[in-house]
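can you look at this prediction? I've put the sequence above it.
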Amino acid sequence: MRGYIVKQILIIHNGEGGDTADCTFMGQAFLLRRAGCGGDPERARALIAENDGRVDAIALEGMPATLELGAAHRPHELGATLPPVAQKTLVLDGSGIRAGLERWGVILADRAQPGIFAQKRVLMIPGLNHNGLAQALGRRAADLRYADPMIYFNLPAV
């Protein structure tokens, strides 16, 4: 990657440990560094503060700023508090692009195998924060259901 200006991206995840990877996207070189916070909000905040101004972007994996399910939107207790910790570096949770990529993925699958979703019953596990996927499948499948009540609240199926 010599001779390139390398963009550095820190990816903070809820697990433990971390690693690094080099990649190139559209001719731009990137150094991706993953760092786990072990589910500890203070550790996530410390990682953001420590890397603010030292990396080009900070990505939050599994810590969305907003929880979305259908038309309902609620701030996430932890995710909503993390972006303001950084004063210089952009902190992203992927929500701006996720829905579009999910819709695109369903379109590509349907083109590759026409009718793959037709007359199918689809169970979304989870549907939370996957509106693009739910919308695209809802247009093609016969029935779309969510497992979120059982997963998150241990509620019986109705």
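That came through, no problem. Residues are numbered from 1 along each chain as shown.

how about low-confidence regions in this protein?
Across the chain, the stretches falling below the confidence threshold (pLDDT under 70) are 1-4, 155-158.

domain assignment for it?
6-93, 97-153 (automatic domain parsing).

how far is the shortest one from where the chain is centred?
Here domain 97-153 is found 16 Å from its chain centre; the criterion is C-alpha atoms, centre = their mean, to the nearest Å.

buried set for the strand or helix carrying Glu50?
With elements taken from DSSP states H and E, the one containing Glu50 is helix 41-51. Across helix 41-51, burial judged by 16 or more other C-beta atoms under 10 Å covers 44-45, 47-48, 51. Bear in mind the C-beta positions are built from the backbone N, C-alpha and C, glycine included.

could you point out which element follows it?
Stepping forward along the backbone from helix 41-51, the first helix or strand reached (DSSP H and E) is strand 57-60.

show me the contact partners of that next one.
By C-beta atoms under 8 Å, 6 or more residues apart in numbering, the residues outside strand 57-60 that reach it are 7, 9-12, 44, 48, 51-52, 79, 82-83, 86, 89-94.

kindly report the same for stretch 76-87.
For stretch 76-87, with C-beta under 8 Å, 6+ apart as the criterion, the contacting residues are 41, 44-45, 48-49, 52-53, 58, 60, 63-67, 91-93.
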